[in-house]
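# please find the sequence and the predicted model below.
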Amino acid sequence: MGGMKRDAVFAALADSNRRELLDRLRLRNGQRLGDLCEGLQISRQAVTKHLRVLEEADLVLVVRRGRERLHFLNPVPISAVAMRWLKQFDAVPLDALLADDMQAKA
C-alpha cells in the first residue's frame, strides 16, 4: 500500500461518524443508505458524504442491484495498514516506552 492510499485510510478512519458506519457494516454487511442512516444524529446528506470518503479510501465497496446501492465493508485496507505500518510498533518494548515517558516527566 502506497503512502497516499495509507493516508486516505487514516483520514477516513479519523472521523467518528465514518467509524460508526464501518462498525454498522461490520455487524451487517450489504446495507442500503437508508438502513445506514437509521438512528444516526447526522443528516442523510452527511452520511452520503461520509460514505463517499470511505469509498475513496476503498474501505467501502458499493454494489448496484437494480435501483439500490448496497454498501459493503472492505477490510483489506485496514488489514494492510495494521500489518505493514502499525505492526512495526509491536517490536518496540513497552517497558522502554514507559521508562522514556517517566524520564520525560521527571
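Cool, the structure landed.
# can you tell me what sits against stretch 49-57?
The contact list for stretch 49-57 (Cβ atoms under 8 Å, 6 or more residues apart in numbering) reads 5, 8-9, 11-12, 15, 17-18, 21-22, 33, 36, 42, 60-62, 71, 77. Using the backbone N, CA and C atoms, a C-beta is placed for each residue, glycine as well.
# 7 Å - rerun?
Ala8, Val9, Ala12, Asp15, Asn17, Arg18, Leu21, Leu22, Val60, Val62, His71, Pro77 (Cβ atoms under 7 Å, 6 or more residues apart in numbering).
# of those residues, which is the most crowded?
Ranked by neighbour count (other Cβ atoms under 10 Å), the contacts of stretch 49-57 have Leu21 at the top, with 26 neighbours.
# pretty sure it belongs to a helix, no?
Yes - under DSSP: H, G, I helix; E, B strand; the rest coil, Leu21 falls within a helix.
# isn't it up against Asp35?
No - between Leu21 and Asp35 there is no contact under Cβ atoms under 7 Å: 10.8 Å.
# His50: which element?
Here His50, judged by DSSP states H and E, is contained in helix 44-56.
# CA atoms only for that helix, dumped as CSV, please.
C-alpha atoms of helix 44-56 as CSV (Å, rounded to 0.1, in the frame of the first residue of the first chain):
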residue,chain,number,x,y,z
ARG,A,44,-28.8,11.6,5.1
GLN,A,45,-26.7,14.0,3.0
ALA,A,46,-23.9,13.9,5.6
VAL,A,47,-24.0,10.1,5.6
THR,A,48,-23.7,10.2,1.8
LYS,A,49,-20.6,12.4,2.1
HIS,A,50,-19.0,10.2,4.7
LEU,A,51,-19.7,7.1,2.6
ARG,A,52,-18.0,8.8,-0.4
VAL,A,53,-14.9,9.3,1.7
LEU,A,54,-14.9,5.7,2.8
GLU,A,55,-15.4,4.6,-0.9
GLU,A,56,-12.4,6.8,-2.0
